[in-house]
Structure formats: structure tokens, C-alpha cells
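In: Sequence and computational prediction follow.
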Amino acid sequence: MAVKKKKTSRQKASPAVRERGTISIRNVTKIYDPEGVNVMAVDNCSLEIEAGEVCMIVGPSGCGKTTLLNVIAGFHSLTSGEIYLDDELLCGPDKPLANQGADRMVVFQNGALFPWKSLLDNVAYGPMVQGILSKSDARDKARDMLAEAGMIDVADKFPGEVSSGMARRAEIVRALINDPKVLLLDEPYRAMDALTKSIMHEALLAMYDRTKVTIFFITHDLEEAIFLGDRVVVMTTRPARTKKIVSVKIPRPRDYKLLSSEQFRLLVEETKDAVHEEAIKAFEAGERELA
Ligand SMILES: Nc1ncnc2c1ncn2[C@@H]1O[C@H](COP(=O)(O)OP(=O)(O)OP(=O)(O)O)[C@@H](O)[C@H]1O
Ligand SMILES: [Mg+2]
């Protein structure tokens, strides 16, 4: 079944931007170990993420956010439902586990750079190992992309020689060198202080402006969600379903003056109310911790 592609106002406004991947999540349910522990993590969840959209996912701890990301990425199978990437069925009833592919690149909370390779060689690794580029072409492309991201001075350093923020930026460049349609991020800046986070946000938005890749970004930080997102999807307590979608109609490029605006504050409040409601339910149900 083909997914009907909608033209967004963003795409109409900038025809040069090519489509990066619409994700269509349809009635997805995920039950871990149905014969044993039988944990329903996602229940009949539907969500359409437009090509080039920055879609932020928030919700109580343990509600099923990472599970959904893992199903999209092809790390976990689904129990029922379907997920499409543009017109391609990633997973569904006859194919519960999506293939893992360079069209969907994942950046996790805990860094995954090879500590024995320089940042440059980490970034060059993907296209080289997949045989898409020769070693020297991959290194040239990696150098160009690191330069574009303002990281040329640290390109030859090893992950242990740079700050965690710098390493995290390199990881995103490493994901983007594969020219993915979708970037899947699971709380990539969770352990960072507010100032480092703000630098990360600016760097991510700069990379997004260059690529217009579709972004599926899980976070517990509601200011981060509003600052970065086109929409913020609030998930219910486990099992995850979409509870509320907050549209962030704030023009880009965005800068940090936004954080003190009334419009920003009201959007954070609106999101917080919805998350809080679900976090209380999770707490009362004995889930691990509040969001
Ligand atoms: N492999 C697994 N087997 C059984 N249960 C699992 C497995 N992975 C996750 N779960 C359970 O599924 C539920 C959803 O977990 P998930 O990690 O998706 O939540 P989350 O929303 O990402 O939480 P957090 O905000 O804490 O990262 C939790 O109850 C978790 O314990
Ligand atoms: Mg998680």
C-alpha cells in the first residue's frame, strides 16, 4: 500500500529541499515476550512524521519511547501494525522486523564512537565499510563534513581527547555522512549541562538546516523539545500511544532569545501539563520513576 505523500508548507516554501523520508506509524503494538513476562510497551500507536520534520517525542520514563525507536530502526520487531518509510513498508504483519539500513541512522544517549579511531576515521567509517566510497574518498567527505560542522580543528583527535559534546557532534556527523532519510536520536544530550546543551542544539539545528533530514528525537527535556521541534508528541504512560501533539509554530532559524519569550513559555507549560498528567499515572501504576 502506498503512502499518500502530503506536500507540507515547508516544502512548498523551499522547493530546493528534497524529501528526506516520511515515517508513517500505523496502529503499532509491541509486546515484549508475550509468552513470558508479557510487557506491552506500545499499544496501537499511530503517528505520521512528515519529510523534513523535526518531531520530538516526550513521555514518562518507561512508557515505550525507545521501544518505538528500536522498531523503526529495525532493532526490535513489532507485534502488530505497520511502519512505512515513504512508500516502503519497513515492517508489518508479514515482516515484523524492519531491515536495518543507512536510510535510518540512530544516535543513542551513550556515545558509540570507536575510541581507537580519530573523529575523522569514525566519520569516514560507514560509507567506507559499506563499500559506497573508497577509503580516501570517504576520508575526504568526512573532512568536508567535519569542516562544515566547524570541527576541522579536532578532526584528527581521538574521542577520548575531546569533550563529550564534541564527540556527540562528531557522532551526528558520522550519522549524516550516510545521507540518511531519517535521523533517530534517543536522548542524545541527556547527561549534559544546560550550557553545553545549548551549544549542541545550535550545532544540531545548523546541521538540520543544511540537510533537512527528518528527525525523530526522544527527550525528557521539554525546553529542548520546544526549542528544536516542529511538533512535540506527548506519549501516554505505558503502553505508549500518542496523547497530545503540540505544534511549535515558531519560525526558523531559532536562537536562544526564544527561551525567554512568552510564546515559548506557554508551549512548554502546555506540554508539561500533558506529560505531568501521564507521569502521575505512571507513578501510581508503579512504573520506575517520574519523567
Ligand atoms: N527487551 C525487553 N524485554 C522486556 N521488556 C522490555 C524490554 N525493553 C524494554 N522493556 C520494557 O518496556 C517498557 C518500555 O521501555 P522503553 O525503554 O521503551 O521506555 P522509554 O519510554 O524509552 O523509557 P525511558 O524514558 O526511561 O528511556 C518498560 O516497561 C521496559 O521495562
Ligand atoms: Mg528510553
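Out: Now that the structure is in, tell me what you want to look at. Ligands and ions are numbered 1, 2, ... in the order given.
In: contacts, neighbours, all on C-alpha from now
Out: Fine.
In: which residues in the stretch 1-150 of the chain form helices?
Out: 9-13, 65-73, 119-129, 135-148 (DSSP state H, counting those that start in this stretch).
In: Over to the stretch 151-291 of the chain?
Out: Counting by DSSP H, counting those that start in this stretch, residue ranges of the helices within the stretch 151-291 of the chain are 164-176, 194-211, 222-228, 262-284.
In: Show me what counts as buried in the longest one.
Out: By neighbour count with 16 or more other C-alpha atoms under 10 Å, helix 262-284 contains the buried residues 264, 267-268, 271-272, 274-275, 278-283.
In: you'd agree Glu50 is up against Val213?
Out: No. The pair Glu50 / Val213 is not scored as a contact, 10.3 Å apart, by C-alpha atoms under 8 Å.
In: if you count what's nearby, which of those two comes out ahead?
Out: Val213 (24 against 21; other C-alpha atoms under 10 Å).
In: Against ligand 1, how distant is that one?
Out: Distance, Val213 to ligand 1, using C-alpha to the nearest ligand atom, to the nearest Å: 22 Å.
In: per-residue confidence at that residue?
Out: Val213 carries a pLDDT value of 95.
In: what's the distance between Leu267 and Ala203?
Out: 23 Å (C-alpha to C-alpha, to the nearest Å).
In: burial count for Lys243?
Out: So Lys243, with other C-alpha under 10 Å, has 15 neighbours.
In: Look at the spatially closest residue to Ala225 that is not a sequence neighbour and report its pLDDT.
Out: Leaving aside its sequence neighbours, Ala225 sits nearest to Met56 (C-alpha to C-alpha, 6 or more residues apart in numbering; 5.6 Å). Per-residue pLDDT puts Met56 at 98.
In: residues touching Met56, list them.
Out: 215-219, 225, 228-233 (C-alpha atoms under 8 Å, 6 or more residues apart in numbering).
In: intersection of neighbour lists for Glu50 and Val213?
Out: Common neighbours of Glu50 and Val213 (C-alpha under 8 Å, 6+ apart) are Gly21.
In: re the thing from before, as a markdown table, the contacts of Met56 with neighbour count would be great.
Out: Formatted as a markdown table, those follow (neighbours: other C-alpha atoms under 10 Å):
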| residue | neighbour count |
| --- | --- |
| Ile215 | 28 |
| Phe216 | 21 |
| Phe217 | 24 |
| Ile218 | 25 |
| Thr219 | 22 |
| Ala225 | 25 |
| Leu228 | 23 |
| Gly229 | 24 |
| Asp230 | 21 |
| Arg231 | 19 |
| Val232 | 26 |
| Val233 | 24 |
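In: So Gly21 sits against Leu85, correct?
Out: Yes. Using C-alpha under 8 Å, Gly21 is in contact with Leu85, at 6.0 Å.
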